[in-house]
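Engineer: Predicted model and sequence below, questions to follow.
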Amino acid sequence: MKKIICITGASSGFGKATAELFAKNGHDLIISARRIDRINFLAEELSKKYNVKVLPIELDVRNQLAVKNAFFNLPENWKKIDVLINNAGLASGLDKIQDGNIDDWDRMLDTNVKGLLYVSKEVIPLMIARQKGHIINIGSTAGKEVYQKGNVYCASKYAVDALSKAMRIDLLEYGIKVTQIAPGGAETEFSEVRFHGDKEKAKAVYNGFQPMSANDIAEIIYYTTTLSSHLCINDLVVTSVAQANNYYFHRE
């Protein structure tokens, strides 16, 4: 059955790969990101390639009023959102807490925590009205255990972990599924953003082992939406074979 899938942070990485996989399987998409040129291009590409409807929205999830307006102004036929994928998120900086940059802290908390809340706040009533829906929050192994210099990023992902559990409880009576997917090391633009555009530092993060890819995570996200209506994956942690947790990697 064709669904409407809403994906934040869809201009690259997990979001882009997930959009393509859902389109490939015949689903219509609402894709949002700050980089409107990228999502406009992606929307055109996916609609032509897979013959699906794609609605691109320029959106910075940190801006509560912009989020509210974006969803309020959705055409009625786009408000029947079946799956919300709260994917927009980032790490900014890698410093000990005493050396942390407050701008980095604000960027992570505003995007990873408040942005997820702002979007969810607008979409949840649409799902409650239909007594169904599926919210997928992209967490991280950083939300399961803290690592040195991870401090505020880890805190933001611990918040995603807690909010996912709370959503599952609060939305239980409405038949709405809530899933957290918590990936470990995956090679996307993630590390490049963390190191403020330093590509050499970013590349070094993945030296000596095969990290996961955006497509790997997209396949897992998609799988969680294919289960029977009475089943829900609440929490799913995934790493490459070479990564046991945030501390232990097997590097060649």
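Structural biologist: All right, it came through fine.
Engineer: the helices in this protein, which residues?
Structural biologist: 13-24, 36-50, 64-72, 102-109, 116-130, 151-170, 190-194, 199-204, 214-224 (DSSP state H).
Engineer: Determine which stretch of these is the most buried.
Structural biologist: Greatest average neighbour count among those goes to helix 13-24 (a mean of 24), per mean count of other C-beta atoms under 10 Å. The C-beta positions use only the backbone N, C-alpha and C, and glycine is treated the same way.
Engineer: How far does it sit from its chain's centre?
Structural biologist: 11 Å (C-alpha atoms, centre = their mean, to the nearest Å).
Engineer: Tell me the confidence at the residue lying closest to Leu109 once chain neighbours are set aside?
Structural biologist: Take Leu109 and drop its neighbours on the chain: the residue closest to it by C-beta to C-beta, 6 or more residues apart in numbering is Ser156, 5.6 Å away. pLDDT recorded at Ser156 is 98.
Engineer: show me the contacts for Ser156.
Structural biologist: 89, 108-109, 112-113, 143 (C-beta atoms under 8 Å, 6 or more residues apart in numbering).
Engineer: now do Ala10
Structural biologist: Counting by C-beta under 8 Å, 6+ apart, Ala10 has contacts 16, 18-19, 29, 31-33, 39, 42, 87.
Engineer: Just give the nearest non-adjacent residue to it, would you?
Structural biologist: Nearest residue to Ala10 in three dimensions, chain neighbours excluded: Ile31, at 3.8 Å (C-beta to C-beta, 6+ apart).
Engineer: surely the one you found meets Lys53?
Structural biologist: No: the criterion here is C-beta atoms under 8 Å, and Ile31 misses it with Lys53 at 11.2 Å.
Engineer: now for the contacts of Ser156, which pair is the farthest apart?
Structural biologist: Distance extremes for the contacts of Ser156: the farthest pair is Leu109 and Gly143 at 13.3 Å, using C-beta to C-beta.
Engineer: Contact partners for the closest residue to Met212 other than its chain neighbours?
Structural biologist: Spatial nearest neighbour of Met212, excluding adjacent residues (C-beta to C-beta, 6+ apart): Ala186 at 4.0 Å. Each residue near Ala186 by C-beta under 8 Å, 6+ apart is listed here: 14, 211-214, 216-217.
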